[in-house]
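Chemist: predicted structure and sequence below. I'll ask about it afterward.
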Amino acid sequence: MSVIGQPSFTPRSRPSVQVLESIAGSISPASSSAAATAAPNAQQPIRRASERLALSRRAHQVMRVHLVRSAIRIAVLMAGDAAALLLLRVLLRGVRDEQWMGSAAASVMHRLVPEGALPLLQLLPAVLLGLIVLDTYGASDRRRDTGRIVAGATLGLGLPFWGYLWSHFSALIIPGFVVLAAVIASTLIVERHLIDYAVRRIWPIGPGAARAILVGQPEDILRALEYPPLSDRREFLISGTFDSQDLQLARGKAGFNKLCQTIKQFRADTLVLAGPLEDEEFAVIIEAAGAAGCQLSALTRSYALGGLEFETVWRRGVPLVSLNRPGLRGRQLLLKRALDIVLSSLAILLLAPTLLLIAVAIRLSSAGPILFRQTRVGLGGKPFKITKFRSMVHDAEARRNGLEQESVYNDQRLFKVTHDPRVTRIGAFLRRTSLDELPQLWNVLTGDMSLVGPRPPLPAEVDLYEEHHYTRFDVKPGMTGPWQVNGRNLITDFEEIIQLETEYIRRWTIWKDLGLLLKTVPAVLQMRGAS
């Protein structure tokens, strides 16, 4: 089970130290005994061979544990996905064929998803195959990654839908596909979260958790015990620790024997490297882990390196670790820009009547211009003019003085007044429904903004930033993003906002953007955090 590095180090409570002390106490006698009874140097090769053979005899058992653990995880997730798709199929047939929601809904469903368009025997394996291709059944966080699930569902739906598209083409066939893909993806996302919730309630300590030994120096192990993945007892059960300094004894021979004894003593199936190692020490650990059939993981140190992300690249057969600031590069930028141009152009064309009605309503309801333009800070710290529908009185900027203390945020880098006296009656409606943001589609089309990204701050707010806050300027600002989708004004901690945006930048995929756009729709309809 691999350990994925986190963008920031999350301190935990001091009981972690007590855990370390209890673990250290439990293995100290064994370690002392091993050191005191170490055989003469001439006997070390014999002991090393015997210890390796003893580990090899149990290696197949450990590997079987890993296999069973993976099989159970995959079986549970596949069964949940299949059950969710079958339930969705029943609901679809009920609404379309049995008119559970009335004849009007049945007529719409008949047009969007005609009978025979998606045979169950083709749809079920196709969607499961799409999820497999996108690696959503692995042990990592990918199994609950929204973007990957959306991509897998879309790919799986497209396989059986492709032939039907060419033989029964109509004006509603593409909208029907988009709606159905969104419904299937949403159903699978909800189902995956329900499975996680059920597992947490039923098994607080996971029966399939890895029995792990932390390898490192005591100070490194202390920090590792606070590492988020290791604190989840459904993922890891820390059985013991091993001081990496012991690997230096007699050029690793006595250290190898001691490590083998520790693995056997705690029946470990996983070794976690908690700190830096010399090449010779690392080689000894690899040999012991291989002989015992243990999985080997290493904790990254990205939390201590200013938000750098790690990437392993191969050059002439040699692995190098590339340390990069989070950001989008190369083909990612081209793909994201293409998505922005296509979707913003379509949105402007489709929403033109709505934009015109809003403009007329603003003109008739209050004095002042229809559009509001304001300087914001965008990509690379470059200022630009953001465009919105005017939702306040025309001299709102001059009236801001004195309202700072009424902001819902305690941080001067954020500003929002719940019942702002400057907001007009039509402006209050536009803000609740986020319709005032629609003119920003023009900012997206012209390249100042993106559909998805961090929100652009005011220059006065940027003046108060610390160094690590500038990460949000590594990409274009967005109309929507992780902050808006996760609650907007309900999240009042600026550092939490920065963490959400940094995580988005670090793990960006085109599917993550599409997933956030899909999540934006219910967030806007429910008006979560809007004011």
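Modeler: Received it, and whenever you're ready, just let me know what you need. Please read all numbers here as calculations on a predicted model, not as lab measurements. Numbering: from 1, shown residues only.
Chemist: and Ala182, what does it touch?
Modeler: Leu518 (Cβ atoms under 8 Å, 6 or more residues apart in numbering). Any C-beta I mention is one placed from the backbone N, CA and C, and that applies to glycine too.
Chemist: so it is in which element?
Modeler: Using DSSP states H and E, Ala182 sits in helix 173-202.
Chemist: same deal with Thr387?
Modeler: Going by DSSP H and E, Thr387 is part of strand 383-389.
Chemist: what's whichever helix or strand comes after that strand packed up against?
Modeler: Counting by DSSP H and E, the element after strand 383-389 in chain order, helix or strand, is helix 425-433. For helix 425-433, the elements it packs on are helix 352-365, judged by 3 or more Cβ pairs under 8 Å, 6 or more residues apart in numbering; DSSP states H and E.
Chemist: relative orientation of the helix it packs on and helix 425-433 in degrees?
Modeler: 140 degrees (axes from the mean of the first three to the mean of the last three Cα atoms, to 10 degrees).
Chemist: check which residues of helix 352-365 are buried.
Modeler: Leu355, Ile358, Ala361, Ile362 (16 or more other Cβ atoms under 10 Å).
Chemist: could you do stretch 517-525 as well?
Modeler: Under 16+ other Cβ under 10 Å, the buried positions of stretch 517-525 are Leu517, Leu518, Lys519, Thr520, Ala523, Val524.
Chemist: with stretch 133-152 instead?
Modeler: For stretch 133-152, using 16+ other Cβ under 10 Å, the buried residues are 134, 136-139, 143, 145-152.
Chemist: nearest to Ala283 among those residues?
Modeler: Among those, Ala139 lies closest to Ala283 (Cβ to Cβ), at 25.9 Å.
Chemist: assign the closest one to helix, strand or coil.
Modeler: coil (DSSP: H, G, I helix; E, B strand; the rest coil).
Chemist: low-confidence ranges in this protein?
Modeler: Applying pLDDT under 70 to the chain flags the ranges 1-58, 204-208, 249-253, 300-311, 322-331, 398-412, 417-418, 487-490, 492, 525-531.
Chemist: domain map for it?
Modeler: 15-35+209-324, 72-202, 331-526 (automatic domain parsing).
Chemist: and for Leu194, the neighbour number?
Modeler: 12 (other Cβ atoms under 10 Å).
Chemist: ok, it - contacts?
Modeler: Gly80.
Chemist: check Gly381 too.
Modeler: Val462, Tyr470, Phe473.
Chemist: who wins on neighbours among those residues?
Modeler: Phe473 (20 neighbours).
Chemist: just to check, that one is in contact with Arg376?
Modeler: No. Contact between Phe473 and Arg376 fails when scored by Cβ atoms under 8 Å: they sit 11.1 Å apart.
Chemist: can you give me the helices in the stretch 201-350 of the chain?
Modeler: Ranges of helices in the stretch 201-350 of the chain, per DSSP state H, counting those that start in this stretch, are 218-224, 253-265, 279-292, 331-350.
Chemist: between these, which one is closest to Glu495.
Modeler: Taking the helices of the stretch 201-350 of the chain one by one with Cβ to Cβ, helix 218-224 is closest: 20.1 Å.
Chemist: now for that closest one, which elements pack on it?
Modeler: helix 15-36, strand 210-216.
Chemist: quick one: buried residues of it?
Modeler: Buried-residue list, helix 218-224, by 16+ other Cβ under 10 Å: Asp220, Ile221, Leu222, Arg223, Ala224.
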